[in-house]
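**Q** Take this sequence and fold it.
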Amino acid sequence: MSEKAKILAFAGSTRTDSYNKKLIRIASEEARKLGADVTLIDLRDYPLPIYDGDLEEQFGLPENGRKLKDLFFAHDGFLISSPEYNSSISGVLKNVIDWVSRPAPNEKPLLGFAGKTAALLAASPGSLGGLRGLVTLRSILGNLGVIVLPAQFALSKADQAFNERGELTEGKHLKAVRSVVEPLVNVTSRLKVKEYAEV
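**A** The predicted structure follows:
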């Protein structure tokens, strides 16, 4: 029995006119065209305090942390477009990962990450397109048990890459996005079918 891959898509930026938000919208649409069930979220809608163990001990998981954790639990894979801040990932993205990774009492560790898939994108006005930040993100997700697929795309000169409607102006860039999204949908779908068959 065929099952649709459920993909959670988001950018690691909260900036209104973020290049990564533009890129993740395009990537999400390509994933839908390939048959995936995609949930596109904006991390700005889930503000969180900086992770603090004392805060967690006193108040538990914040409401938005619980909402994000539920979303991570409910999806089979992740499509992430990550900005590069000082050769690493954004604070908001790292903070989301930190909160979602915290187990509730009697909950299996890393339930929102382990065994799930991910595909990575980045966009930056710089010549490397945010590539250095993806090295960090790949390492973090891999250590949490996520199957991070090899294909990735870093869009350089992102300030010149979109038209006024937020569309990519060059066909080669859209082709590169598809080369990242297609393996994610295919691999996630196959893993989902295998999981269903083993139940």
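**Q** count of neighbours near residue 62?
**A** By the other CB atoms under 10 Å criterion, the neighbourhood of residue 62 contains 17 residues. Yep, even glycine has a C-beta here, placed from its N, CA and C like the rest.
**Q** Tell me if I'm right that it and residue 46 touch.
**A** No - under the criterion of CB atoms under 8 Å, residue 62 is not in contact with residue 46, lying 9.2 Å apart.
**Q** quick one, phi/psi of the closest residue to residue 167 other than its chain neighbours?
**A** Leaving out its chain neighbours, the residue that sits closest to residue 167 by CB to CB, 6 or more residues apart in numbering is residue 26, at 7.2 Å. Phi and psi for residue 26, reported as degrees, to the nearest 10, are phi -70, psi -50.
**Q** And residue 117, by the same measure?
**A** Its backbone dihedrals place residue 117 at phi -100, psi 160, with angles given as degrees, to the nearest 10.
**Q** is it in a bridge, and if so with what?
**A** For residue 117, the beta-bridge partners are residue 77, residue 147 (DSSP bridges).
**Q** quick one, what contacts it?
**A** Residues counted as contacts of residue 117 (CB atoms under 8 Å, 6 or more residues apart in numbering) are 76-78, 146-149, 184, 187-188, 191.
**Q** got JSON lines for those residues, with distance to residue 160 and neighbour count too?
**A** Shown next, in JSON lines, are the contacts of residue 117 (distance: CB to CB, whole Å; neighbours: other CB atoms under 10 Å):
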{"residue": "76", "distance to residue 160": "35", "neighbour count": "22"}
{"residue": "77", "distance to residue 160": "30", "neighbour count": "26"}
{"residue": "78", "distance to residue 160": "28", "neighbour count": "23"}
{"residue": "146", "distance to residue 160": "32", "neighbour count": "21"}
{"residue": "147", "distance to residue 160": "33", "neighbour count": "17"}
{"residue": "148", "distance to residue 160": "28", "neighbour count": "20"}
{"residue": "149", "distance to residue 160": "28", "neighbour count": "18"}
{"residue": "184", "distance to residue 160": "27", "neighbour count": "28"}
{"residue": "187", "distance to residue 160": "32", "neighbour count": "17"}
{"residue": "188", "distance to residue 160": "32", "neighbour count": "28"}
{"residue": "191", "distance to residue 160": "37", "neighbour count": "18"}
